[in-house]
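**Student:** sequence? don't have it. structure:
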């Protein structure tokens, strides 16, 4: 009887092994499907990461170009100001005195010409006073004015 019981237990054990085998096959199939799904998601994630990387690279390149342009403009402005200051200093130091030396005689000549162009201007006030005094004297003495 023990043998029969052992054989029955072996039969039950074989049935359970068949059930486990089917369960393992189903689990294996589910794992295969999960693996395929993960690979598809991985490909989608890779594509998305590639797009993000490309966008970030384009943004960084644009930012670097803007900063380089800004630095270039600032450098140009700085150089222009330095050149302007140097030109003004050179003009003030070298050309300004020479022009002043050249214009002094012309200025003096202008003043002389201005004074001599109307020599009677200085005597005009005296002449007007004399005429007025003479007219008032004649007016009073001629009797046209009666108190």
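**Tutor:** All right, it came through fine. Owing to the predicted nature of the structure, the values given are computational and were not obtained by experimental measurement. Residues are numbered from 1 along each chain as shown.
**Student:** in this structure, which spans are strands?
**Tutor:** Along the chain, no stretch is classed among the strands by DSSP state E.
**Student:** residue ranges with poor pLDDT in it?
**Tutor:** By pLDDT under 70, the low-scoring segments of the chain are 4, 116-117, 119, 121-122, 143-147.
**Student:** distance of residue 50 relative to residue 57?
**Tutor:** Distance, residue 50 to residue 57, using Cβ to Cβ, to the nearest Å: 10 Å. C-beta: built from backbone N, CA, C; applies to glycine.
**Student:** check residue 68 too.
**Tutor:** 16 Å.
**Student:** ditto for residue 101
**Tutor:** From residue 101 over to residue 57 the distance is 65 Å, taken as Cβ to Cβ.
**Student:** repeat that for residue 64.
**Tutor:** From residue 64 to residue 57 the distance is 11 Å (Cβ to Cβ).
**Student:** same check, this time on residue 111
**Tutor:** Counting by Cβ to Cβ, the gap from residue 111 to residue 57 is 75 Å.
**Student:** do the same with residue 104
**Tutor:** On the measure of Cβ to Cβ, residue 104 and residue 57 end up 68 Å apart.
**Student:** same question, residue 5
**Tutor:** 75 Å.
**Student:** check residue 93 too.
**Tutor:** Distance of residue 93 to residue 57, computed by Cβ to Cβ: 53 Å.
**Student:** swap in residue 11?
**Tutor:** From residue 11 to residue 57 the distance is 68 Å (Cβ to Cβ).
**Student:** and if you look at residue 2?
**Tutor:** 78 Å.
**Student:** could you check which of those two is surrounded by more residues?
**Tutor:** residue 57 (10 against 6; other Cβ atoms under 10 Å).
**Student:** and residue 26, how many neighbours does it have?
**Tutor:** 10.
**Student:** again with residue 38
**Tutor:** 11.
**Student:** pull the longest helix from the chain.
**Tutor:** The residue-count maximum for a helix in the chain (DSSP state H) belongs to helix 2-90.
**Student:** how far off centre is that helix?
**Tutor:** 37 Å (Cα atoms, centre = their mean, to the nearest Å).
**Student:** sounds good, over and out.
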